[in-house]
Every structure is written in structure tokens, then in C-alpha cells.
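>>> the sequence and its predicted three-dimensional model are supplied below.
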Amino acid sequence: MRGRRRIRTAVATATAALLCAGALSGCTAGEPGAKTPEARATPGPAPKTAPKAATEPAPEPTSPWNVSPASVAAVGDSVTRAFDACAVLADCPESSWATGTDTAVNSLALRLLGPEKVATRSWNLARTGARMAELPEQMAVAAAERPELVTVMMGANDACRATPDLMTPVADFRTHFETALARLRKGAPKAQVYVASVPSLMHLWSTGRVSPMGLEVWKLGICGAMLSDAEDLSAAAERRRAEVQDRVVAYNRVLSEVCAKDDRCRYDGGAVFGFRFDTGQLSPWDFFHPSRDGQARLAELAYRRITEE
């Protein structure tokens, strides 16, 4: 009897083991949710996962600068009035780099507006002999025209005084320029501004002094701080010229820094300061102001900077 019971127990145990083996891991008595082999053999749909939020690139900031302004007002000094460009000791606004109508110059206004609109959509408000202290008044007049672009070329006369001690202090130069931009913004808040750097007076001296006629004209008192005694190469004369050149560099730094704070202002990056006028690009009457060809080069530099994307 005991032998038969042992045999039955062994058979039962073996059968249970075979059933559990066939069911793999499904032989867990009392486990909630235990699945049958058939349920496990039939795969259901993959569980859904929450869609990831789409990551769109942040939009790039748009520049307020318009490369095709429809009107131009020019402020500044004798260079913008094209003094001595086509007649001796006279303004030649028709040859101005900024607003002139002379096709040989191909002014900025001609390039931007075309010849049919220059007369009605551009204004030359510069004055020969003007210094930075006058710029706020010129800007107020320009703002009244509601131009889309204002060109500024000012500062040479602040350095071109009879002697270096009479040059405009850098702090005053900055105050006048900041005031001028504020005056423009008050009347024409969306007007764009192109600011040309002050030319290198040292380069003008080194270029013009090779002309005997230029040396004679300079004796009349043109830009005395730089050009007086133009043939004097003594240490004292060199120090005087270096002082004037340093002041021009400081003025250009002011123009760059103040302009950089205005989203609608573009400084030329020192392009006019760095341009090397040759004798053919200087007035044949004073060997200091730009000739018609020199005016054309200024127009080209301005147009290139203003139309940069």
C-alpha cells in the first residue's frame, strides 16, 4: 500500500511539473491578472506613448534696416556740399556724394532713388564750415522732411582748427552727436541713419604736400592744426600732426559707439577714414576737399554700407 501511494504521489508531482513547464511562467497560483498562454500568444497593440512636444527653432530677430530707402536727407559740412569740387571756393551740391545729380559722381541718392526722384525725395542740409555743435539743428530740419534715410558726415572741422588746442573736446563732440540723434528720433523716429567716419587728415596732408600748388594754397590757412608749415618735418611738427590725428580717431570712436546704441543707425566701420585719396581725388583748387572723383568714391562707400543685407 505504501508503495502504491508513493508511486501515485510521484506521478502526480511529475504531471504537475510537466504542466507548469508547458505553461512557462503562468503557473503562479492565486496571482491576480495571470494570463493564459493563449492571451500571451496573441500580441495586442503597442501601448501608446504621449507625443513629444514639437520643438520649433526660435525665429531669428528681424533687422529694422531697409536697404532701399525711398528718400534721403544729408547733413554735415563742406564735404557733403561738395565744396571746391567743380568751382573754386564754391559749393557744388550737384556733385555731392550724398544727394548730387552729377551722373559722373553717381551720388547715393541717384543710386537709391533714380534720377527722376532725386529733386523731390532728397535734401542737402549740410553747411560748409559746420562743426558737430551744429548737427542737432541740422537734424531737426532733416526730421521735418520725414526722410527714410539721413546721412551724416561731420567732424573734420572740429579737428581742422587753427591750432590743436582749439579742437572740439571729445566729451563735447559726444554730447553734440547724442543730442543730434535724439533730435532726429523726436521728429522722425523710424528714420535710418548712415554715419560716415571722419577722413584721415594725416593722409590728406601726406598726399597733398607733394603738390607745389597745394603747399601755396595751404598757406592761406586751410586746416592749420594739420596743414600749417606742411614741409616742416621737425619733431614738434610731427607731434602736432599726431595730436590732430589722435583727435580724429577719438571722434570716430564716438561716432561708432553712439551709433551702435541705435537700431536704425549704421556707422561705416571706418571706411572713409581708411580710404586713401590720391591727388586725382582731391580738389585741384585746395588739395584738401574731395574732387568729383573723390565724391564718387564717397558715394560708393556709402552705398555699399547702406545696402548690406
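Received the coordinates, thanks.
>>> sticking with the residue positioned nearest the centre of the chain, tell me its helix or strand.
By Cα atoms, centre = their mean, the mean C-alpha position of the chain lies nearest to residue 266, the distance being 4.1 Å. Using DSSP states H and E, residue 266 sits in strand 265-267.
>>> list the helices and strands that strand packs on?
The contact analysis (3 or more Cβ pairs under 8 Å, 6 or more residues apart in numbering; DSSP states H and E) places strand 265-267 against strand 192-195, helix 235-260. Yep, even glycine has a C-beta here, placed from its N, CA and C like the rest.
>>> so what touches whichever strand or helix holds residue 202?
Remark: residue 202 resides in helix 201-208, with elements defined by DSSP H and E. Contacts of helix 201-208 with the rest of the structure, by Cβ atoms under 8 Å, 6 or more residues apart in numbering, involve 156, 159-160, 214, 218, 223, 226-227, 230, 241-242, 244-245, 248, 276-279, 282, 287-288.
>>> 6 Å instead, please
214, 226-227, 244-245, 248, 287-288 (Cβ atoms under 6 Å, 6 or more residues apart in numbering).
>>> closest one to residue 69 out of those residues, please.
Closest approach to residue 69 among these (Cβ to Cβ): residue 248, at 28.2 Å.
>>> export the contacts of helix 201-208 as TSV, with columns for distance to residue 164.
TSV is the format used below for those (distance: Cβ to Cβ, whole Å):
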residue	distance to residue 164
214	21
226	9
227	12
244	6
245	10
248	11
287	21
288	17
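>>> any of those residues buried? List them.
The neighbour-count test (16 or more other Cβ atoms under 10 Å) marks 214, 226-227, 244-245, 248, 287-288 as buried among these.
>>> need the max-distance pair from the residues you listed.
The distance between the two most remote of these (Cβ to Cβ) is 19.7 Å, for 214 and 248.
>>> where in the stretch 201-309 of the chain is pLDDT low?
Within the stretch 201-309 of the chain, no stretch has pLDDT under 70.
>>> ah, wrong one, I meant the stretch 51-200 of the chain
Applying pLDDT under 70 to the stretch 51-200 of the chain flags the ranges 51-63.
>>> A strand includes residue 123, no?
Yes. Counting by DSSP: H, G, I helix; E, B strand; the rest coil, one finds residue 123 located in a strand.
>>> bridging residues for it?
residue 73 (DSSP bridges).
>>> from residue 76, how far off is it?
Per Cβ to Cβ, to the nearest Å, residue 123 is found 12 Å from residue 76.
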